[in-house]
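[1] this one's sequence-less:
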C-alpha cells in the first residue's frame with residue numbers, strides 16, 4: 001500500500017468547556033479515536049483546540065501538513081462549522097471531510113430537502129413552518145415532527161417533537177424559533193416505519209457503503225414516539241436511551257430494502273459531492289419505502305458512535321478508517337466529485 005502523502009497531521013477541534021453537555025464534549029472521544037488511528041499508522045500528529053472558532057489563528061500551511069478537521073459548531077451557531085472549513089480552504093491546507101460548500105448545504109435541512117427532491121430522491125412531505133402563517137400544515141399530512149433547520153446531535157428534539165395537532169405544532173415551532181433565533185423550523189410528516197442509518201467511507205477515489213444499521217425502539221409504550229430524541233442519544237439513564245438500540249439487519253427478507261437504502265445513500269454522496277466520510281439517515285413510510293431524513297457530512301467518529309459501529313461491522317479498525325479519510329483528504333478536491341462510470 002502506498003504511503004499517505006502527508007508527514008504531519010494536526011487534529012483540529014472546537015473548544016470544550018468542563019460544563020459542556022454530552023452533545024458537545026463527545027468531540028473529545030472523536031479526538032481519541034483519530035489519535036489512536038494516527039499512532040497506529042505511525043504518523044506524527046498534534047491536537048489543537050482552536051479558540052474562538054478561528055483556525056487561521058493557530059494553523060498555517062507547511063509542507064506535508066494535513067488537518068484532520070473535527071471542528072463542530074456550538075448550539076445555535078451552525079455558521080461556525082462552515083467558517084472553519086472555509087478558513088482552511090482559504091489557507092490552502094488539505095483537510096479531512098467535506099468542503100465548506102457541502103457542509104453549508106447539508107447543515108441546512110431545508111436546503112438538503114430541496115436538493116434531494118430536485119434530484120428525484122424521496123424525502124418526507126414537509127418544509128419550512130412559519131408559526132405566524134402555518135398553512136404548511138394544511139398541505140402535508142400529520143402527525144408532524146418539528147426540528148430546527150441547522151442543528152445536529154438531536155438538538156431541538158428534546159421531549160417529544162412529534163405533534164398530533166396543528167395547535168401543538170405551532171406552539172412547538174414558536175418554542176424552537178425562540179431557542180434557535182435566526183434559524184428556520186422544519187416540519188415534516190412523521191414517518192412511523194423502520195429507521196436506517198447508512199455510513200459511507202471514501203475508498204480509492206470512490207465510496208464504499210458500510211453495513212446498514214437499523215435503529216430499533218424496544219418496548220416503547222403506546223403514545224411514546226419512536227424517534228432518536230436528544231434523550232435517546234445523550235441521556236444514558238433515560239428510558240429512551242436504554243431502549244433505543246442499534247442492530248445490523250441481515251435477514252434475506254430485508255435484501256431489497258437494504259439494497260434500496262444503499263442506492264439512495266450512494267446517490268446522495270455523489271449529488272452533494274461528499275468527501276471522506278458521511279452518513280445518510282432514512283425512514284420508511286407506511287408502504288415500506290425509504291425516505292431520506294438527513295445527509296450528515298463529517299459524522300461523529302467516536303468509538304461508540306454509529307459510524308464506527310458500521311465500520312467495525314465491515315471489519316475495519318480505527319486505523320483503517322483514519323487512513324482512508326486521510327487518503328481522501330490529500331487527493332486534489334473536485335466539487336462535486338463525479339460518480340464512477
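    Cool, the structure landed. Bear in mind that the values here come from a model prediction, so they are computed numbers and not experimental data.

[2] Work out which residue lies at the spatial centre of this structure.
    Taking CA atoms, centre = their mean, the centroid of the chain lies closest to residue 296, which sits 2.7 Å from it.

[3] for that one, what are its contacts?
    With contact taken as CB atoms under 8 Å, 6 or more residues apart in numbering, residue 296 is in contact with 106, 152, 278-281. No exception for glycine: its C-beta is placed from N, CA and C like everyone else's.

[4] Quick check: what element follows the strand or helix carrying it along the chain?
    Using DSSP states H and E, residue 296 maps to strand 290-297. Next helix or strand after strand 290-297 toward the C-terminus (DSSP H and E): helix 306-313.

[5] quick one: the helix or strand following that following helix to helix 306-313, angle?
    Next along the chain after helix 306-313, taking DSSP H and E as the criterion, comes helix 318-329. For helix 318-329 against helix 306-313, the angle by axes from the mean of the first three to the mean of the last three CA atoms, to 10 degrees is 110 degrees.

[6] Helix 318-329 - contacts with which helices or strands?
    Packing partners of helix 318-329 (3 or more CB pairs under 8 Å, 6 or more residues apart in numbering; DSSP states H and E): helix 27-41, strand 65-70, strand 195-203, helix 306-313.

[7] Could you count how many residues lie near residue 283?
    Neighbour count of residue 283, defined by other CB atoms under 10 Å: 22.

[8] in what helix or strand does it lie?
    strand 277-284.

[9] Would you state the helices of the stretch 1-150 of the chain in chain order?
    22-25, 27-41, 79-91, 100-107, 109-118, 136-139 (DSSP state H, counting those that start in this stretch).

[10] Buried ones in the second one, by neighbour count?
    Just to be clear, that refers to helix 27-41. 27, 29-35, 37-38, 41 (16 or more other CB atoms under 10 Å).

[11] distance between that helix and the chain's centre?
    19 Å (CA atoms, centre = their mean, to the nearest Å).

[12] try the fourth one
    Relative to the mean C-alpha coordinate of its chain, helix 100-107 is positioned 11 Å out (CA atoms, centre = their mean).

[13] Would you mind measuring from the residue lying closest to residue 37 once chain neighbours are set aside to residue 46?
    Of all residues not flanking residue 37 in the chain, residue 322 sits nearest, at 2.9 Å (CB to CB, 6 or more residues apart in numbering). Distance, residue 322 to residue 46, by CB to CB, to the nearest Å: 15 Å.

[14] more crowded one of those two?
    residue 322 (27 against 11).

[15] got the domain boundaries for this structure?
    Residue ranges for the domains of the chain, per automatic domain parsing: 8-97, 114-119+191-329, 124-189.

[16] coming back round to it: show me which of the contacts of residue 296 is closest to residue 14.
    Ranked by distance to residue 14 (CB to CB), the contacts of residue 296 are led by residue 152 at 12.9 Å.

[17] residues touching the closest one, list them.
    Neighbours of residue 152 in contact, by CB under 8 Å, 6+ apart: 107, 296.

[18] That one in helix, strand or coil?
    coil (DSSP: H, G, I helix; E, B strand; the rest coil).

[19] Quick check: closest non-adjacent residue to the residue of the chain positioned farthest from its centre.
    Ranked by distance from the centre of the chain (CA atoms, centre = their mean), the top residue is residue 63, with 30.9 Å. In space, and not counting its chain neighbours, residue 63 is closest to residue 7: 7.5 Å by CB to CB, 6+ apart.

[20] ditto for residue 126
    The nearest residue in space to residue 126 (CB to CB, 6+ apart) is residue 188, at 3.2 Å.

[21] low-confidence ranges in this structure?
    1-5, 52-59, 331-341 (pLDDT under 70).

[22] Mind doing that once more with 50?
    The model of the chain has pLDDT under 50 over residues 1-2, 334-341.

[23] before we move on, back to that, out of the contacts of residue 296, who's nearest residue 138?
    residue 281 (27.1 Å).
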